[in-house]
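Build me a structure from this.
(one chain, ligands or ions: 2)
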Amino acid sequence: MDKRNQKQQPDPSNGSKRKREGCLDCSDYFMAVAVLTSKMSEDPNTQVGACIVNQDNKVVSTGHNQMPKGGKDKLPWEQKKEDEHDTKYPYVCHAELNAIMNKNSADVKGCTIYVTLFPCNECAKLIIQGGIKAVVYLSDRYKDRYSTKVSKKMLDLAGIPYEQFYPKGAPEIVININPN
Ligand SMILES: O=c1ccn([C@H]2C[C@H](O)[C@@H](COP(=O)(O)O)O2)c(=O)[nH]1
Ligand SMILES: [Zn+2]
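Ligands and ions are numbered 1, 2, ... in the order given. Next up, the predicted model:
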(Lines give C-alpha, C1' and ligand atoms only; values in the text may rest on other atoms or scores of the structure.)
(Ligands and ions follow the chains in the order given, each with its own letter.)
Protein backbone atom coordinates (compact mmCIF):
# COMPACT_ATOMS: atom_id res chain seq x y z
CA MET A 1 0.00 0.00 0.00
CA ASP A 2 1.24 3.51 -0.93
CA LYS A 3 1.53 5.42 2.42
CA ARG A 4 2.76 8.74 0.98
CA ASN A 5 -0.65 10.50 1.06
CA GLN A 6 -1.88 8.93 4.26
CA LYS A 7 -2.36 11.18 7.32
CA GLN A 8 0.06 10.45 10.14
CA GLN A 9 -1.93 8.98 13.04
CA PRO A 10 -0.61 9.61 16.57
CA ASP A 11 0.54 6.47 18.26
CA PRO A 12 -1.17 6.47 21.71
CA SER A 13 1.35 4.11 23.21
CA ASN A 14 4.48 5.68 21.87
CA GLY A 15 5.65 9.27 21.96
CA SER A 16 2.43 10.67 23.52
CA LYS A 17 2.78 12.73 26.69
CA ARG A 18 2.20 10.75 29.89
CA LYS A 19 0.14 12.14 32.77
CA ARG A 20 1.95 13.89 35.60
CA GLU A 21 3.02 11.55 38.39
CA GLY A 22 2.23 12.40 42.00
CA CYS A 23 -0.89 14.48 41.38
CA LEU A 24 -3.07 15.04 44.42
CA ASP A 25 -5.61 12.31 45.18
CA CYS A 26 -9.25 13.47 45.52
CA SER A 27 -9.74 12.56 49.17
CA ASP A 28 -6.31 13.94 50.11
CA TYR A 29 -7.35 17.17 48.42
CA PHE A 30 -10.66 17.36 50.31
CA MET A 31 -9.03 16.76 53.68
CA ALA A 32 -6.31 19.26 52.78
CA VAL A 33 -9.06 21.81 52.05
CA ALA A 34 -10.54 21.07 55.50
CA VAL A 35 -7.13 21.52 57.13
CA LEU A 36 -6.48 24.74 55.21
CA THR A 37 -9.92 26.02 56.22
CA SER A 38 -9.16 25.26 59.89
CA LYS A 39 -6.30 27.76 59.63
CA MET A 40 -8.91 30.53 59.54
CA SER A 41 -10.09 29.65 63.06
CA GLU A 42 -9.41 32.17 65.80
CA ASP A 43 -9.78 29.55 68.53
CA PRO A 44 -6.41 29.57 70.32
CA ASN A 45 -6.79 25.95 71.46
CA THR A 46 -8.53 23.94 68.72
CA GLN A 47 -8.90 24.92 65.08
CA VAL A 48 -11.45 22.84 63.17
CA GLY A 49 -12.11 22.82 59.43
CA ALA A 50 -14.78 21.08 57.37
CA CYS A 51 -15.20 20.53 53.65
CA ILE A 52 -18.46 19.21 52.17
CA VAL A 53 -18.26 17.35 48.87
CA ASN A 54 -21.15 16.24 46.68
CA GLN A 55 -21.62 12.99 44.77
CA ASP A 56 -19.87 14.48 41.73
CA ASN A 57 -16.77 15.09 43.85
CA LYS A 58 -17.35 18.83 43.82
CA VAL A 59 -16.74 20.96 46.91
CA VAL A 60 -20.04 22.56 47.89
CA SER A 61 -18.90 24.20 51.09
CA THR A 62 -16.25 24.82 53.72
CA GLY A 63 -16.44 26.05 57.29
CA HIS A 64 -14.35 26.57 60.40
CA ASN A 65 -15.15 27.13 64.07
CA GLN A 66 -15.87 30.78 64.62
CA MET A 67 -17.95 33.12 66.74
CA PRO A 68 -21.40 34.02 65.40
CA LYS A 69 -21.88 37.25 63.45
CA GLY A 70 -21.72 40.26 65.78
CA GLY A 71 -19.74 38.29 68.35
CA LYS A 72 -16.28 38.44 66.80
CA ASP A 73 -13.86 40.15 69.22
CA LYS A 74 -16.70 40.45 71.76
CA LEU A 75 -17.06 36.86 72.90
CA PRO A 76 -14.45 34.93 74.92
CA TRP A 77 -12.17 32.15 73.66
CA GLU A 78 -11.48 30.88 77.17
CA GLN A 79 -11.87 27.17 77.88
CA LYS A 80 -12.26 27.36 81.62
CA LYS A 81 -13.87 30.01 83.78
CA GLU A 82 -15.84 29.87 86.96
CA ASP A 83 -18.95 30.82 85.05
CA GLU A 84 -19.47 28.86 81.81
CA HIS A 85 -20.97 31.99 80.24
CA ASP A 86 -17.44 33.41 80.20
CA THR A 87 -16.07 30.53 78.09
CA LYS A 88 -16.27 29.98 74.33
CA TYR A 89 -18.47 26.89 74.57
CA PRO A 90 -21.97 28.41 74.59
CA TYR A 91 -21.15 30.74 71.70
CA VAL A 92 -18.79 29.19 69.17
CA CYS A 93 -20.32 28.00 65.90
CA HIS A 94 -18.77 24.68 65.02
CA ALA A 95 -17.02 24.07 61.72
CA GLU A 96 -19.68 21.60 60.55
CA LEU A 97 -22.51 24.01 61.30
CA ASN A 98 -20.75 26.77 59.36
CA ALA A 99 -20.00 24.44 56.46
CA ILE A 100 -23.64 23.35 56.24
CA MET A 101 -24.84 26.96 56.47
CA ASN A 102 -22.30 28.13 53.86
CA LYS A 103 -23.30 25.61 51.18
CA ASN A 104 -23.59 26.86 47.61
CA SER A 105 -26.11 24.14 46.76
CA ALA A 106 -29.78 23.72 47.66
CA ASP A 107 -28.94 21.08 50.25
CA VAL A 108 -26.22 18.69 51.37
CA LYS A 109 -28.13 15.47 50.69
CA GLY A 110 -25.85 12.62 49.65
CA CYS A 111 -22.72 14.64 50.40
CA THR A 112 -19.62 13.57 52.32
CA ILE A 113 -18.18 15.80 55.03
CA TYR A 114 -14.41 15.88 55.55
CA VAL A 115 -13.67 17.27 58.97
CA THR A 116 -10.46 17.70 60.94
CA LEU A 117 -12.03 16.67 64.28
CA PHE A 118 -14.69 14.04 64.92
CA PRO A 119 -18.07 15.87 64.95
CA CYS A 120 -19.67 16.45 68.35
CA ASN A 121 -23.24 15.37 69.10
CA GLU A 122 -24.74 18.70 68.02
CA CYS A 123 -22.93 18.54 64.69
CA ALA A 124 -23.93 14.90 64.29
CA LYS A 125 -27.58 16.01 64.50
CA LEU A 126 -27.00 18.56 61.72
CA ILE A 127 -25.16 15.99 59.61
CA ILE A 128 -27.93 13.42 60.03
CA GLN A 129 -30.85 15.78 59.49
CA GLY A 130 -29.11 17.48 56.57
CA GLY A 131 -28.88 14.17 54.70
CA ILE A 132 -25.07 13.93 54.64
CA LYS A 133 -24.23 10.33 53.79
CA ALA A 134 -20.68 9.89 55.12
CA VAL A 135 -18.18 11.42 57.54
CA VAL A 136 -14.42 11.35 57.03
CA TYR A 137 -12.49 12.66 60.01
CA LEU A 138 -8.84 13.32 60.77
CA SER A 139 -8.56 13.42 64.55
CA ASP A 140 -10.54 11.53 67.16
CA ARG A 141 -8.76 13.19 70.04
CA TYR A 142 -11.98 13.65 72.02
CA LYS A 143 -13.11 10.04 71.58
CA ASP A 144 -13.58 9.66 75.35
CA ARG A 145 -15.81 12.72 75.61
CA TYR A 146 -19.49 12.15 76.16
CA SER A 147 -20.28 14.36 73.14
CA THR A 148 -18.25 12.12 70.82
CA LYS A 149 -19.70 8.92 72.22
CA VAL A 150 -23.29 10.07 71.72
CA SER A 151 -22.37 11.47 68.32
CA LYS A 152 -21.21 7.99 67.23
CA LYS A 153 -24.34 6.46 68.70
CA MET A 154 -26.57 8.78 66.63
CA LEU A 155 -24.52 8.30 63.44
CA ASP A 156 -24.71 4.52 63.92
CA LEU A 157 -28.48 4.66 64.38
CA ALA A 158 -28.82 6.82 61.26
CA GLY A 159 -26.65 4.40 59.27
CA ILE A 160 -24.08 7.08 58.44
CA PRO A 161 -20.60 5.58 58.12
CA TYR A 162 -17.62 7.44 59.58
CA GLU A 163 -14.04 6.61 58.82
CA GLN A 164 -10.74 8.01 59.88
CA PHE A 165 -8.76 9.60 57.11
CA TYR A 166 -5.40 8.24 56.02
CA PRO A 167 -3.60 9.99 53.19
CA LYS A 168 -3.17 8.10 49.93
CA GLY A 169 -0.20 10.24 48.94
CA ALA A 170 2.39 12.19 50.89
CA PRO A 171 1.02 13.28 54.30
CA GLU A 172 2.52 16.73 53.97
CA ILE A 173 1.40 19.18 51.30
CA VAL A 174 3.39 22.38 50.97
CA ILE A 175 1.57 25.44 49.67
CA ASN A 176 3.54 28.50 48.70
CA ILE A 177 1.50 31.66 48.16
CA ASN A 178 4.45 33.93 47.59
CA PRO A 179 3.98 35.51 44.15
CA ASN A 180 7.70 35.50 43.36
O1 LIG B 1 -17.86 19.12 66.31
C2 LIG B 1 -17.08 20.02 66.67
C3 LIG B 1 -16.54 20.07 67.95
C4 LIG B 1 -15.82 21.15 68.32
N5 LIG B 1 -15.60 22.16 67.46
C6 LIG B 1 -14.85 23.34 67.91
C7 LIG B 1 -15.52 24.14 69.00
C8 LIG B 1 -14.37 24.74 69.74
O9 LIG B 1 -13.99 25.97 69.11
C10 LIG B 1 -13.26 23.70 69.57
C11 LIG B 1 -13.10 22.79 70.75
O12 LIG B 1 -12.42 23.46 71.75
P13 LIG B 1 -11.54 22.71 72.86
O14 LIG B 1 -10.70 23.80 73.47
O15 LIG B 1 -10.68 21.70 72.15
O16 LIG B 1 -12.48 22.07 73.81
O17 LIG B 1 -13.62 22.91 68.46
C18 LIG B 1 -16.07 22.11 66.18
O19 LIG B 1 -15.86 23.02 65.36
N20 LIG B 1 -16.79 21.01 65.80
ZN1 LIG C 1 -19.87 20.20 66.83
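
Write out the residues of this protein neighbouring ligand 1.
With C-beta under 6 Å from any ligand atom as the criterion, the chain meets ligand 1 at residues 43, 45-46, 48, 65, 79, 88, 92, 94-96, 117, 119-120, 123. Using the backbone N, CA and C atoms, a C-beta is placed for each residue, glycine as well.

V33 against V59, yeah?
Yes. Under the criterion of C-beta atoms under 8 Å, V33 makes contact with V59 at 6.4 Å.

Mutual contacts of the two, please.
Counting by C-beta atoms under 8 Å, 6 or more residues apart in numbering, the residues touching both V33 and V59 are C51.

Between these two, which has more neighbouring residues?
Shown here are V33 and V59; by other C-beta atoms under 10 Å, V33 has more neighbours (18 against 15).

Just the element for the nearest residue to the more buried one once chain neighbours are set aside, please.
When the adjacent residues along the chain are set aside, V33 lies closest to C51, with 4.3 Å between them (C-beta to C-beta, 6 or more residues apart in numbering). Assigned by DSSP states H and E, C51 falls within strand 49-53.

who's in contact with L24?
32, 169, 173.

before we move on, the earlier item: ok, and of the residues of the chain next to ligand 1, which contact ligand 2?
Residues of the residues of the chain next to ligand 1 in contact with ligand 2 (C-beta under 5 Å from the ion): 94, 120, 123.

what's near enough to touch the last one?
I take that to be C123. 94-97, 151.

And Y146, by the same measure?
Neighbours of Y146 in contact, by C-beta under 8 Å, 6+ apart: none.

Against P44, how distant is it?
According to C-beta to C-beta, to the nearest Å, Y146 and P44 sit 23 Å apart.

gap between the residue nearest to V33 and D83?
35 Å.

Name the residues of this protein found near ligand 2, please.
Residues of the chain lying near ligand 2 (C-beta under 5 Å from the ion): 94, 120, 122-123.

So which of those residues are in helices?
Among those, the members falling in helices (DSSP state H) are 122-123.

Out of the residues of the chain next to ligand 2, grab the one that's most surrounded.
Neighbour max across the residues of the chain next to ligand 2 (other C-beta under 10 Å) = C123, 24 neighbours.

circling back: neighbour count: C51 and D83, which is higher?
C51 (27 against 6).
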